[in-house]
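Colleague: sequence first, then the predicted structure:
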Amino acid sequence: MFENIKKEFTTRTLVLIPIAIAINIAIGELVVRLKLPVYLDSIGTVLVGAIAGPWAGALTGGLANLIWGLFNPFAAPFFYVAAAIGLMAGFAGKRGAFQNETPRWVSVVVGAVFVFSLTLFILAFINASTDETGYTSYPSMSQLFSQYLGIFIFAILAGAAIGYFLLQKGGYAGMWGLITGIVAAIISAPTAAYVFGGVTGSGTDLLVAAFRASGGGILASVLAQGSVSDPFDKMLSFMVVWLIIRSLPARFTSR
């Protein structure tokens, strides 16, 4: 087992890891400052995991959050979540998720879920309201569905069409991103709830506040927020890496 782990850390991998860490921190910090309801701080981690392997991905994710924590105190305690994301990206890469041909039905499901989630985020922010104290509230899911049912149906159909015609090789990557997001939401919820009280300084805090305003407890609200944000976020990150890998020379990725 040690030999298999050692094989992942080639010279190319050791050069790629600090670049990936810088990508994670730069994009993650920008998203935090813009208060977006996603993270996008795992693209570098997923890239290393997909190309080099699960242990290299785990090291990249863990180190990225620990280094980021030097000037963002909310990042370091989630280093284990970042490491888990790198592990799963590595397992996905070993199974060919970023290169193998995908069955059309998988691509259709991934496309439909992705566009549906994107539509949900956009409509939620369009219909957000801010009171005189500066507090931002969001409509409930039932309100959005009842008001924009036709748009959601169109989004699902459009996403399914995009998956069918454009994601023939990207469906597995999106599916692994979706699964990784669910895992990340579950394992990060206790830290977010009990260490930070649901307030981590990012745009997702607004979603936690919205769920709490609806009567949810702190852990339930954090888990609900993660269940909304994380799958979409990781699916997006995995798809970005899929596009990057498709653009790389085959000789580089094989090495």
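Modeller: Noted; the coordinates are in hand. Numbers count the residues shown, from 1 in each chain.

Colleague: all strands of the chain, in order?
Modeller: For the chain, the strands defined by DSSP state E occupy 129-130, 136-137.

Colleague: where does the stretch 151-255 of the chain have low pLDDT?
Modeller: Applying pLDDT under 70 to the stretch 151-255 of the chain flags the ranges 168, 203, 205-207, 209-216, 251-255.

Colleague: which stretch in the strands of the chain has the least confidence?
Modeller: For these, the weakest mean pLDDT is recorded on strand 136-137, namely a mean of 63.

Colleague: can you tell me what sits against stretch 224-234?
Modeller: Applying Cβ atoms under 8 Å, 6 or more residues apart in numbering, the contact partners of stretch 224-234 are 37-40, 42, 85, 113-114, 117-118, 120-121, 177-178, 180-182, 184-186, 188-189, 192, 198, 204, 207-208, 211, 216. Any C-beta I mention is one placed from the backbone N, CA and C, and that applies to glycine too.

Colleague: report the rounded mean pLDDT for stretch 88-104.
Modeller: pLDDT averaged over stretch 88-104 gives 90.

Colleague: what does that stretch contact?
Modeller: With Cβ under 8 Å, 6+ apart, stretch 88-104 has contacts from 45-58, 163-164, 167-173, 175-176, 179-180, 183, 238, 241-242, 245, 253.

Colleague: hang on, the earlier thing: are any of the contacts of stretch 224-234 buried, and which?
Modeller: Burial by neighbour count, judged by 16 or more other Cβ atoms under 10 Å, picks out 37-40, 42, 85, 113-114, 117, 120-121, 177-178, 180-181, 184-185, 188-189, 192, 198, 204, 207-208, 211, 216 from these.

Colleague: and residue 166, what is it in contact with?
Modeller: With contacts defined as Cβ under 8 Å, 6+ apart, residue 166 is in contact with residue 111.

Colleague: likewise the one 4 residues further on?
Modeller: Contact criterion Cβ under 8 Å, 6+ apart gives 102, 107, 110, 239, 242, 243 as the residues in contact with residue 170.

Colleague: burial check on the third one, number of neighbours?
Modeller: Read that as residue 110. 28 (other Cβ atoms under 10 Å).

Colleague: and if you look at the fifth one?
Modeller: A total of 25 residues lie near residue 242 under the criterion other Cβ under 10 Å.

Colleague: so it makes contact with residue 173?
Modeller: Yes. Counting by Cβ atoms under 8 Å, residue 242 does reach residue 173; the two are 4.0 Å apart.

Colleague: quick check: residue 241 touching residue 44?
Modeller: No. In this structure residue 241 lies outside contact range of residue 44 using Cβ under 8 Å: 9.0 Å.

Colleague: for residue 95, phi and psi?
Modeller: Dihedral angles of residue 95 (phi, psi; degrees, to the nearest 10) stand at phi -90, psi 10.

Colleague: just the one 3 residues further on next, same as before
Modeller: With angles defined as degrees, to the nearest 10, residue 98 sits at phi -100, psi 0.

Colleague: only whichever of the contacts of stretch 88-104 are buried, select them in PyMOL.
Modeller: If you want just the buried ones from these in PyMOL, going by 16+ other Cβ under 10 Å, the selection is:
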select buried, resi 45+46+47+48+49+50+51+52+53+54+55+56+57+58+163+164+167+169+170+171+172+173+175+176+179+180+183+238+241+242+245
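
Colleague: just the contacts of stretch 88-104: which are in helices?
Modeller: Judged by DSSP state H, helices contain the following of the contacts of stretch 88-104: 45-52, 54-58, 163-164, 171-173, 175-176, 179-180, 183, 238, 241-242, 245, 253.
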